[in-house]
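**Q** Okay, structure incoming, though there's no sequence with it:
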Ligand code: ATP
Ligand code: MG
């Protein structure tokens, strides 16, 4: 099969790590007989410098006319003084909005060979593998009114937690679909003892559950979920929650895995192309040195293969190749123990590609 992938390298280490990702997808194509056609476009700071805007129209067009989007990272101190409409991050928010990417997927996988990098106990973590599905386009971060005003007793501030039933239903359905691809256990996280939003959330989840009799649904209050994630992450398979709760919980979950350089993410719409990117930022402090860890981006490719191209075997192979590379002891600087030998960004990419090519 032939697939069209839009590549948005972006800023900082973005170009270095997306280069390894393209190399990996080419290796997957060669091994499994697919043709990946890559179209490159500018986003973020590099787009501001070259085209005067962080999200050029042509970039949007490329993103709308492809099967999936692979993003490196955007931003850096160089653009600190830009006006809000010229900030690199505005480009990323813009493309999420344009493509209606309402579901943000953040897996937290604990790699056995990196267990010592986490601050938690080995037996608590070993084997943890969960997916947080966060609503990304509604809730407290977008609700109106949002204001600061002079009240009767001095300044007062208002933020609004707003969801429509339709917005809740589409993220819940997406999460059920994803749980089906995993271990068929879905935990819906809310604050239904306090918030009206959460009460509707729970009703919708219970109603939608009838369409997924093979998936086991449970509910958990967000404060308890935060505690359980640290205390016993292995109990979770798939978690679904609203925007702000998901923001906080996914950062907690990322910390149990130990390294920022390992974490992939996906942002999905109802049926258009998904966007795949590492969780980490553009790491301007190490850009251009060929020392960045490309594994978060390579793991994002596995998600791209799985969720946008529906190539399960290929996605499994990429995840297996990463696992094997780590077990064989290859480390970039960020995940190496003190004194341990390290490989460069491109060497790490080559080794993972080799695992794919030789596994076939
Ligand atoms: P953002 O605001 O985009 O999240 P940030 O400055 O908060 O960016 P990062 O750019 O992710 O965060 O960098 C945080 C630290 O982690 C930096 O010291 C950076 O060098 C390091 N880091 C981030 N990604 C990687 C990577 N892939 N490999 C090695 N180190 C990394
Ligand atoms: Mg940050």
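**A** Arrived safely. Because the structure is predicted, anything quoted here is derived from the model rather than measured. Ligands and ions are numbered 1, 2, ... in the order given.
**Q** ok, the residue of the chain found nearest ligand 1 - contacts?
**A** As assessed by Cβ to the nearest ligand atom, ligand 1 sits closest to residue 281 within the chain, at 2.3 Å. C-beta: built from backbone N, CA, C; applies to glycine. Contact analysis of residue 281 by Cβ atoms under 8 Å, 6 or more residues apart in numbering lists 12, 73, 75.
**Q** any idea of the pLDDT on the residue lying closest to residue 308 once chain neighbours are set aside?
**A** Spatial nearest neighbour of residue 308, excluding adjacent residues (Cβ to Cβ, 6 or more residues apart in numbering): residue 68 at 3.8 Å. With respect to pLDDT, residue 68 has a value of 98.
**Q** Then residue 240?
**A** At residue 240, pLDDT is 98.
**Q** how about the helix or strand where residue 20 lies: buried residues?
**A** Per DSSP states H and E: residue 20 is located in helix 14-32. Neighbour counts over helix 14-32 (16 or more other Cβ atoms under 10 Å) mark 14-29, 31 as buried.
**Q** in the one helix or strand residue 93 maps to, what counts as buried?
**A** Assigned by DSSP H and E, residue 93 belongs to helix 88-98. Residues of helix 88-98 classed as buried by neighbour count (16+ other Cβ under 10 Å): 88-92, 94-96.
**Q** same deal with stretch 300-319?
**A** So stretch 300-319, judged by 16+ other Cβ under 10 Å, has buried residues 300-309, 311, 314-315, 317-319.
**Q** for the residue nearest the centre of the chain, what are its contacts?
**A** The residue lying closest to the centre of the chain (Cα atoms, centre = their mean) is residue 265, at 1.5 Å. Taking Cβ under 8 Å, 6+ apart, we find residue 265 in contact with 104-107, 276-279, 300, 303.
**Q** And for residue 98?
**A** Residue 98 touches 55, 60, 63-64, counting by Cβ under 8 Å, 6+ apart.
**Q** hmm, back to that, following element in sequence after the helix holding residue 93, please.
**A** Past helix 88-98, the next helix or strand by DSSP H and E is strand 103-109.
**Q** who does that next one pair up with?
**A** Strand pairing for strand 103-109, determined by DSSP bridges: strand 129-135 (antiparallel), strand 264-268 (antiparallel).
**Q** what about residue 102, how many neighbours?
**A** Residue 102: 21 surrounding residues under other Cβ atoms under 10 Å.
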